[in-house]
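*Asks:* how would this look folded up:
(2 chains)
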Number of protein chains: 2
Amino acid sequence: MAPPRQIFIAVIGAGGVGKCFLSQLSALAARQSQNPASPTYFSLIYLSTSKKLLCSSSFHPLSLSNWESDLAASTTAPFSPTEVANFLSAKSGSVILVDNTSNQDIADTYPLFLKKGISVVTPNKKAFSSDLSLWKAIYSAAANGTGAQGAGYVFHESSVGAGLPVISTLKELVETGDHVRRIEGVFSGTMSFLFNSFMPVGGGGGSFSAEVKKAKDLGYTEPDPRDDLNGLDVARKLTILARLAGLEVVSPTSFPVQSLIPKELEGCLSGDEFLQRLGEFDGEMDKLKKETAAEGKVVRFVGSIDITKNEVNVGMEKFDTSHPIATLKGSDNIISFYTERYGSNPLIIQGAGAGGEVTAMGATGDFIKVLRLLH
Amino acid sequence: MAPPRQIFIAVIGAGGVGKCFLSQLSALAARQSQNPASPTYFSLIYLSTSKKLLCSSSFHPLSLSNWESDLAASTTAPFSPTEVANFLSAKSGSVILVDNTSNQDIADTYPLFLKKGISVVTPNKKAFSSDLSLWKAIYSAAANGTGAQGAGYVFHESSVGAGLPVISTLKELVETGDHVRRIEGVFSGTMSFLFNSFMPVGGGGGSFSAEVKKAKDLGYTEPDPRDDLNGLDVARKLTILARLAGLEVVSPTSFPVQSLIPKELEGCLSGDEFLQRLGEFDGEMDKLKKETAAEGKVVRFVGSIDITKNEVNVGMEKFDTSHPIATLKGSDNIISFYTERYGSNPLIIQGAGAGGEVTAMGATGDFIKVLRLLH
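*Replies:* Predicted coordinates for the structure are as follows:
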């Protein structure tokens, strides 16, 4: 039997998601070391945050158990993305880069990594939802796109719905020849929680501004809740899915996105000022709530892609109280694929679409897929 | 650039699912031939039904467009499973066998195929839900089990929930280190349709025997509806998922399975006789329906696996009318994974779990996965 093949791994970002990923990677290494049939061993050789760097020769891989203290003790600044590419491509073995940041500069370097034979696994939405030219550069460089043999693979399951199998499912529908007609769903844990609380099926719920404050206090929003309410996070996810379904979406601002930031508050200098003044606009949302309730429906913040009509939309919509989107719980995501094969009842995937562990799980799953492909 | 690698494919079974699979395969070949970046070309070299055989040298592959008339004109009887293994393993290239039957003899030969380096893709539940020894023989022979390098891969997404990403999702939860605690759902399109009609949320529905007859007339049941009502189909699917989750389930009859065939009708000699007499037992089901309605619930036929308690169960259960299992539509399946990472709100997958096209899609998706791994 051939000796197990050596695979090197580089990790950028050790924040919420990065920490969970490194912990899952450490557990995976422990399980693999106990399994004599395990096909592949991997060694961590590069780990960086925005401030610090650990980097090692292939003969002395970094520790997956002590990385936190090792990193704290480091006095070295991280490499630039191009320096990372050069460092990793000099290795005589396969390399997988896991980018746990949401950094645009690193995303812009993916085509270079891939061309140099470095595989990329990431929850970073920026790479796949910014200008169409970057999307094309990434997929034309990747071995699982139209890249040359020997190029790296790219996987980004967690860029939509965290660990939920959304991207892999859509890719399989397309690759097996099904015709995806429409994709619809709740793509933001924050928006899910907010609207499930603001207008629960069966009545109740506080004013919109009170629910936004509650969501922020419970940690369901970004530090500045405007980063959720502007709809851009959902627009980025829709951009990714629409492109995978074959639409040439130019950018996440090239289709209608409804912002929940009132025009009058666009000039607020801080999230706190915005939150203080948001209550002035509760009347409008209350009116919508009452109107919708009178129709026997509820309001939800959704995204939809109509592949046939080449249309993408993000914003509030009304749903019958028995609709799966209406009965969603907590901060869950739900994604419905309407396709030729599935007919009138869509293929539905539902569950937590945010959080460190489930986001990292998507990356760990992708990492295992690349290990198998490189094997 | 290296020339594309040749991969051979053998297909057994050309009935409902087999026909759809061959049509999807033909479309896949057409798309690949138009894509210069397509990594792999494949040639059909063996195709058999229970009566006939088409088989070809690697230089003159079988036609994916004329196979139906070619097969009709064939006067050759199919090989035995062992003969198929010998024929295919003599090829100098990688071979993927797609088994679209539900034949136990072919399933019993999977370990031999895998050891000989032949990959197996199949919706055939028998291989994975019969005696535990067969399951172990298959997974200890497969390259994606604990088999040797050079062994074949085995994939069987369609053996549970047809094309829904049920098995791939469960495997990923386990492989990335999540702890699956409970799996629960509606695993039979027939049972789904039957109970959604018998006791819809909001009231209504006919007698149980009338609904069984309706389901049969609409083509939702097996030719003999007792093959659905005995619960064995669901028990087989639960056996597969429980084993993937790590439970050593001995066989699909080694745990409690509720049969909906009244004891008094177990001696019926035909499905027709059974259907004629089923109405005699409507009183019992009506009583259950009324009791359950009085509790504000509905009855559904479900399967559940409690991994923590090492328990598998199949039978009728009561659900609140707002529960996703209660509000299921048509003949849809729903599968909920309760795991450590997903917490109290499960990861849910829902949609059509039966039908030729979606079952074949699971096999086509698996076939593409093996193509990539063999690349």
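
*Asks:* check contacts around A:Y342.
*Replies:* Contacts for A:Y342 were tallied using CB atoms under 8 Å, 6 or more residues apart in numbering or on different chains; they are A:D178, B:G351, B:A352, B:V358. Using the backbone N, CA and C atoms, a C-beta is placed for each residue, glycine as well.

*Asks:* Can you classify the first one as helix, strand or coil?
*Replies:* Recorded secondary structure, A:D178: coil (DSSP: H, G, I helix; E, B strand; the rest coil).

*Asks:* and it, how many neighbours?
*Replies:* Neighbourhood size, A:D178 [other CB atoms under 10 Å in any protein chain shown]: 23.

*Asks:* Tell me which of the contacts of A:Y342 fall in strands.
*Replies:* B:G351, B:A352 (DSSP state E).

*Asks:* can you put the contacts of A:Y342 in TSV and add distance to A:E273 and pLDDT?
*Replies:* Listed next are the contacts of A:Y342 as TSV, based on distance: CB to CB, whole Å; pLDDT from 0 to 100:
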residue	distance to A:E273	pLDDT
A:D178	48	98
B:G351	45	97
B:A352	50	95
B:V358	52	97
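
*Asks:* Which of the contacts of A:Y342 are buried? Put it as a PyMOL command.
*Replies:* Buried residues within the contacts of A:Y342, by 16 or more other CB atoms under 10 Å in any protein chain shown, are selected in PyMOL with:
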select buried, (chain A and resi 178) or (chain B and resi 351+352+358)
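
*Asks:* Give me the nearest residue to the residue nearest the centre of chain A, chain neighbours excluded.
*Replies:* Nearest to the mean C-alpha position of chain A, counting by CA atoms, centre = their mean, stands A:S159 at 2.1 Å. Distances taken as CB to CB, 6 or more residues apart in numbering or on different chains place A:K125 nearest to A:S159, at 4.7 Å, with adjacent residues excluded.

*Asks:* That neighbour: how many residues sit nearby?
*Replies:* 21.

*Asks:* Who are the contact partners of it?
*Replies:* Here A:K125 is in contact with A:S102, A:S159, A:V160, A:D233, A:R236, A:K237, A:I240 (CB under 8 Å, 6+ apart).

*Asks:* Quick check, the fifth one in contact with A:T253.
*Replies:* Going back to what we said before, that points to A:R236. No: counting by CB atoms under 8 Å, A:R236 does not reach A:T253; the two are 9.9 Å apart.

*Asks:* ok, the two, which is more surrounded?
*Replies:* A:R236 (23 against 11).

*Asks:* ok, that one - contacts?
*Replies:* A:R236 neighbours (CB under 8 Å, 6+ apart): A:K125, A:K126, A:S129, A:P252.

*Asks:* if I pick the residue nearest to the centre of chain A, what's in contact with it?
*Replies:* For A:S159, the contact set (CB under 8 Å, 6+ apart) comprises A:T122, A:P123, A:N124, A:K125, A:A127, A:F128, A:S129, A:I167, A:K237, A:I240.

*Asks:* what secondary structure does the third one sit in?
*Replies:* Three-state call for A:N124 (three-state DSSP): coil.

*Asks:* so what are the domain limits for chain A?
*Replies:* Annotated domains of chain A cover A:5-162+A:358-373, A:166-352 [automatic domain parsing].

*Asks:* Look at A:Y338 and say how many residues are nearby.
*Replies:* Neighbour tally, A:Y338, other CB under 10 Å: 21.

*Asks:* May I ask which helix or strand encompasses A:I183?
*Replies:* strand A:180-186 (DSSP states H and E).

*Asks:* rewinding a little: now intersect the contacts of A:K125 with the helices, please.
*Replies:* A:D233, A:R236, A:K237, A:I240 (DSSP state H).

*Asks:* Look at the residue nearest to the centre of chain A and report its pLDDT.
*Replies:* Each residue has a pLDDT score; the one for A:S159 is 97.

*Asks:* neighbours of A:A151, just the number please.
*Replies:* Neighbours of A:A151 using other CB under 10 Å come to 22.

*Asks:* Contacts only, for it.
*Replies:* Counting by CB under 8 Å, 6+ apart, A:A151 has contacts A:L114, A:K115, A:G117, A:A141, A:A142, A:A143.

*Asks:* Pick the one among those residues closest to chain B.
*Replies:* Comparing the contacts of A:A151 against chain B with CB to the nearest CB places A:A143 closest, at 8.1 Å.

*Asks:* Show me which residues of the stretch 251-375 of chain A are close to chain B?
*Replies:* A:322, A:324, A:327, A:329-330, A:332, A:341-343, A:345-352, A:355, A:357-358, A:361, A:364-365, A:368, A:372-373, A:375 (CB under 8 Å from any CB of the partner chain).

*Asks:* Please consider this matter closed, and thank you.
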